[in-house]
Structure formats: C-alpha cells, structure tokens
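>>> Give me a 3D structure for the following:
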Amino acid sequence: MPWKMSAASFLFGTAFGIKIAWIVVCAVYLYDISVETGQFAIMKDSVASISSDRRLQALLVAFAFGAFIEGCAGFGAPIAISGAFMIGLGFDPFQAAVLNLIANTAPVAWGSIGTPVHTLAAVTGLPESDLSAMIGRILPITGVIVPFWMIRVMVPWKKVWEVWPAILVCGGSFSLTQFLWANYVDSNLVDIAAAVVCLFTMVVFLRFWKPKSHDGV
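Residues are numbered from 1 along each chain as shown. Prediction:
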C-alpha cells in the first residue's frame with residue numbers, strides 16, 4: 001500500500017478509535033460518579049428490594065441492565081459495570097463476569113448507540129436501515145434463548161424451570177422491542193429502548209409473581 005494511503009488509514013482508524021474510547025471513558029466516569037455519590041448503592045438496594053432471588057437478580061442486572069449499558073457504551077463496559085453491580089449483590093466475581101459475558105450476546109450488535117451497525121453500513125456500502133432491520137429479525141431469537149442459557153449456567157435445569165415465566169417475560173419483552181425498534185424506528189437506540197422496556201416489564205411482573213422456591217444470595 002502506498003505510504004500516503006497507509007498514513008491516511010492509520011489516522012482514520014485512530015480517530016475512529018478515539019471516538020469509541022471516549023464513549024467508554026464517559027460510561028466509566030458516570031459509574032464512578034454514581035459510586036462516589038452513593039447512587040450506585042441505592043440502585044443495588046433497589047434491585048435487592050425487587051427480589052432477593054439470585055436467578056431473578058441475574059435477569060435484572062446481567063441481562064436487562066447490562067443491555068442498557070451495552071446500548072449506551074458497549075466495548076466491555078456492561079461486563080465491568082454490571083459485574084461490579086452483581087458483586088455488590090453478593091455474586092462471586094468470576095460467576096458475575098461469566099453471566100454478564102453470556103447476557104451480552106443478545107444486545108451486542110447495537111452496542112454503543114449502534115456503532116457496529118453504523119460501521120457495517122460504512123464498510124459494505126449497504127443501507128444502514130436494511131442492515132439494522134435484518135439483524136433485528138435474527139437476534140431477537142437469540143434474545144429469548146440467552147436468558148435461559150444464562151440461568152442454566154447458574155443452576156440445574158430443575159431450578160431453571162422454577163423461574164421460566166420470569167425468563168420468558170424478560171427475553172420476550174426485550175426481543176419484541178428489539179425487533180420493532182430495529183425494523184421500524186432506527187439503529188441508534190435499539191438496545192436502550194429494549195432494555196428500558198425489559199426492565200419496566202420485569203419490575204411490574206415481579207410485583208405480582210414470585211417463584212415457588214427461593215434461590216437467595
């Protein structure tokens with residue numbers, strides 16, 4: 001490659017990387033602010049008040065809240081922030097990391113305000129709306145499966161089926177919103193919208209439904 005083209009590619013890649021890094025820096029900065037001001041502890045107490053069941057906490061934090069962080073920042077921020085959240089709730093650090101990595105499978109395509117889709121459109125030259133719509137017809141299937149897989153990693157199948165209604169509500173509300181937003185709205189806020197709907201739906205659902213057996217922290 002001619003050196004001028006190589007230099008231009010290097011500078012373009014650097015500029016693109018700085019944009020991504022800046023998003024992550026802002027996300028970590030907000031996390032640090034929430035810790036210093038005590039808001040992070042309030043959020044942990046709020047989740048604990050919704051349910052003390054470890055399985056349901058994993059759905060709320062690793063899957064729903066993690067998807068929100070993925071939509072806002074991406075690039076590892078969900079594992080770091082949601083993982084710290086779960087450790088504060090009493091999860092083993094290694095288990096928290098594993099669960100968040102699994103949960104991140106569902107929202108990752110639209111991470112960091114749709115950066116992967118924007119990049120794919122720029123590289124391929126294909127319409128961004130079409131790419132987002134097609135991804136939105138594939139990933140929602142994964143969004144229903146991943147919560148079951150995540151909880152199965154935590155507990156035996158018997159304990160998984162004890163909370164299957166909550167898992168279905170969690171994955172279903174997230175995936176349906178993901179599908180609708182990707183196909184009919186835009187590619188920027190897919191994960192954020194899906195995560196907000198998922199969190200709201202789960203909070204309402206858990207007000208009226210509790211598992212027969214409890215898997216506490």
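>>> Identify the residues contacting the residue most central in space within the chain.
Nearest residue to the geometric centre of the chain (CA atoms, centre = their mean): Ala67, 1.6 Å. Counting by CB atoms under 8 Å, 6 or more residues apart in numbering, Ala67 touches Pro78, Ala103, Asn104, Ala106, Pro107, Phe174, Asp191, Ala194, Ala195, Cys198. Where you see a C-beta, it was placed from the backbone N, CA and C, and this is true even at glycine.
>>> Under the pLDDT cut-off, which ranges of this protein? List them.
For the chain, applying pLDDT under 70 flags the ranges 20, 24, 27, 215-217.
>>> Which residue ranges of it form helices?
With DSSP state H as the criterion, the chain has helices at 3-36, 39-50, 54-58, 66-72, 77-89, 93-103, 111-124, 128-154, 157-162, 164-184, 190-208.
>>> Comparing the ones you listed, which stretch has the densest surroundings?
helix 66-72 (a mean of 26; mean count of other CB atoms under 10 Å).
>>> residue contacts, His214?
Taking CB under 8 Å, 6+ apart, one finds Ser52, Asp53 in contact with His214.
>>> ugh, wrong one, I meant Gly143
By CB under 8 Å, 6+ apart, the neighbours of Gly143 are Ala106, Pro107, Gly171, Phe174, Ser175, Gln178, Ala194.
>>> do that again at 10 Å, thanks
Neighbouring residues of Gly143 by CB atoms under 10 Å, 6 or more residues apart in numbering: 63, 67, 105-107, 170-179, 194, 198.
>>> now Gly172: how far from Ala194?
Relative to Ala194, Gly172 is positioned 11 Å away (criterion: CB to CB, to the nearest Å).
>>> ugh, typo on my part, it should be Trp3
Distance from Trp3 to Ala194, by CB to CB: 45 Å.
>>> where's stretch 126-135 relative to the chain centroid, distance-wise?
Here stretch 126-135 shows a centroid-to-chain-centroid distance of 20 Å under the convention CA atoms, centre = their mean, to the nearest Å.
>>> Just the C-alpha atoms of stretch 42-54, please, in PDB.
These are the backbone C-alpha positions of stretch 42-54, laid out as PDB (Å, rounded to 0.1, in the frame of the first residue of the first chain):
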ATOM      1  CA  ILE A  42     -29.200   2.900  46.100                       C
ATOM      2  CA  MET A  43     -29.500   1.100  42.800                       C
ATOM      3  CA  LYS A  44     -28.200  -2.100  44.300                       C
ATOM      4  CA  ASP A  45     -30.700  -1.800  47.200                       C
ATOM      5  CA  SER A  46     -33.500  -1.200  44.700                       C
ATOM      6  CA  VAL A  47     -32.700  -4.400  42.900                       C
ATOM      7  CA  ALA A  48     -32.500  -6.300  46.100                       C
ATOM      8  CA  SER A  49     -35.800  -5.000  47.200                       C
ATOM      9  CA  ILE A  50     -37.400  -6.200  43.900                       C
ATOM     10  CA  SER A  51     -36.200  -9.700  44.500                       C
ATOM     11  CA  SER A  52     -33.600 -11.400  46.700                       C
ATOM     12  CA  ASP A  53     -33.600 -14.400  44.400                       C
ATOM     13  CA  ARG A  54     -30.200 -14.800  42.700                       C
END
